[in-house]
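Trainee: The following block contains a protein sequence and its predicted model.
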Amino acid sequence: MKRLRTTTITAFLLSTFTVWAQSPKPIEILAGHDNTFVVTGQKKPIITLKAGQVVKLRVIGKKGTEAAKDGSVHSLTINALKDQGWDLPVKEGVNEYTVVAPSTPGEYTIECTVKCGDGHDDMKMKLIVTK
């Protein structure tokens, strides 16, 4: 039993190290005062990543008409993946985060969960994860 546990822990640590040893893909996002997401270099607010890919998000936050009590003016949240680091508060100015794409390919909705003003309910963008 101890050998199995050691092997499992070793495999987990090795896979975690492999993921974080990758050079993160840089992506810049504007979370605007008009309650929209804009991905630099993209016509539509869509991010495409490979499963397990490490990404460095540079999020520029612009305050809308409202903000959260903690000073967040927006957020980047995938509700189903909050426990995997996809619940990012966005303060006004430049915010930088390193996150890992989900391991399961598919389409995910990134949304703002901070009541930021008119249009808040439509403040969403898409994350597409490929194999």
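Mentor: That came through fine.
Trainee: Please identify the buried residues of the helix or strand containing residue 47?
Mentor: Here residue 47 is covered by strand 46-50, with elements defined by DSSP states H and E. By 16 or more other CB atoms under 10 Å, the buried positions in strand 46-50 come out as 47, 49. (Each C-beta comes from the backbone N, C-alpha and C, glycine too.)
Trainee: Now do stretch 101-108: distance to the chain's middle.
Mentor: For stretch 101-108, the gap between its own C-alpha mean and the chain's C-alpha mean amounts to 12 Å (CA atoms, centre = their mean, to the nearest Å).
Trainee: same deal with stretch 89-98?
Mentor: Relative to its chain's centre, stretch 89-98 lies at 11 Å (CA atoms, centre = their mean).
Trainee: From residue 127, how far out is the most centrally placed residue in the chain?
Mentor: The residue lying closest to the centre of the chain (CA atoms, centre = their mean) is residue 86, at 4.8 Å. Residue 86 sits at a distance of 8 Å from residue 127 (criterion: CB to CB, to the nearest Å).
Trainee: Show me what the strand holding residue 47 is in contact with.
Mentor: Strand 46-50 is contacted from outside by 25, 27, 29, 39, 55, 101, 110, 125-131, using CB atoms under 8 Å, 6 or more residues apart in numbering.
Trainee: Mind giving me the PyMOL select for those, buried ones only?
Mentor: Buried residues within those, by 16+ other CB under 10 Å, are selected in PyMOL with:
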select buried, resi 27+29+39+55+101+110+125+127+129
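Trainee: following the helix or strand of the chain with the lowest mean pLDDT, which helix or strand comes up?
Mentor: The helix or strand of the chain with the poorest confidence is helix 2-21; it has a mean of 52 (mean pLDDT, DSSP states H and E). Using DSSP H and E, the helix or strand that directly follows helix 2-21 along the chain is strand 25-31.
Trainee: mind checking how far that next one is from the chain centre?
Mentor: 10 Å.
Trainee: what does stretch 84-101 give?
Mentor: On CA atoms, centre = their mean, the centre of stretch 84-101 falls 6 Å from that of its chain.
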